[in-house]
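Peer 1: Only the shape, not the letters, is given here:
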């Protein structure tokens, strides 16, 4: 996130003619940073760069000091990251259909790794398990790296990862890409089918957007949104994002707020089915 945000800030600064400073507010699953912006003056000078963790947090925490749908206004969604289900070569499944079939024949025999409990990777796989009616055990790690190491060592059969950290291993044949969780096939993994081709309507990804405090004047919001949209359209920005395994994908402010509300419902359902108790 930090890398993406700094590229965006640099490009916005050039367009606006004034510095755009990145101030990291880590901790609390992004809640500290989100709340800071939600409580800021609605003057257009303080913005939030967030992932769709902002849509998951109401399901992961018993109480939040903000309501994202009321206290924030979207400037625009700018990028998306595709998650893949990958497997150790020993798993006798080469695609989503075969994986579902094998998992149904062997309930609780398969396990999958993620960067941690409550991450988009974890909740996405729980949605997949629910949609496919399969039972696969979750193994949380502290980041994607340890999960990749354990998969290469044959300790876990499945892993959910974004494309960048697993790309080299897939290309070398060390692991097998089973399916893409995005609604369409990934440009760099065109031979890997989208899960939606087997389970119609399945569409889960990690996205990033920019928000302002609710009540920010409309002229300011229009200006910021226009600048942000121009940044996303720049070839240089696309190249920089591609190097990070990120896809620029603009979504207008009104659509982002609609998406935020719908995803809050989706993740609420996913956490309940995963048995995750809010902290």
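Peer 2: Thanks, I have it. Here the structure is a predicted model, which is why all the values come from computation and not from measurement.

Peer 1: Contact partners for residue 48?
Peer 2: If you count contacts by C-beta atoms under 8 Å, 6 or more residues apart in numbering, residue 48 has them with 33, 34, 37, 38, 72, 210, 211, 212. The way it works is simple: take the backbone N, C-alpha and C, and place the C-beta from them, glycine included.

Peer 1: Residue nearest the middle of the protein, spatially speaking?
Peer 2: The C-alpha lying nearest the average C-alpha coordinate of the chain belongs to residue 206 (C-alpha atoms, centre = their mean; 1.4 Å).

Peer 1: can you pull the contacts of it?
Peer 2: 51, 52, 80, 81, 83, 120, 162.

Peer 1: could the residues you listed be laid out in a markdown table, adding distance to residue 173?
Peer 2: Formatted as a markdown table, the entries for the contacts of residue 206 read as follows, by distance: C-beta to C-beta, whole Å:
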| residue | distance to residue 173 |
| --- | --- |
| 51 | 31 |
| 52 | 32 |
| 80 | 27 |
| 81 | 23 |
| 83 | 20 |
| 120 | 27 |
| 162 | 20 |
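
Peer 1: What is the neighbour count of the residue nearest to residue 198 when sequence neighbours are not counted?
Peer 2: Leaving aside its sequence neighbours, residue 198 sits nearest to residue 96 (C-beta to C-beta, 6 or more residues apart in numbering; 4.3 Å). In terms of burial, residue 96 registers 23 neighbours under the definition other C-beta atoms under 10 Å.

Peer 1: I'd say residue 96 and residue 195 touch.
Peer 2: Yes. With contact defined as C-beta atoms under 8 Å, residue 96 counts as touching residue 195 (5.3 Å).
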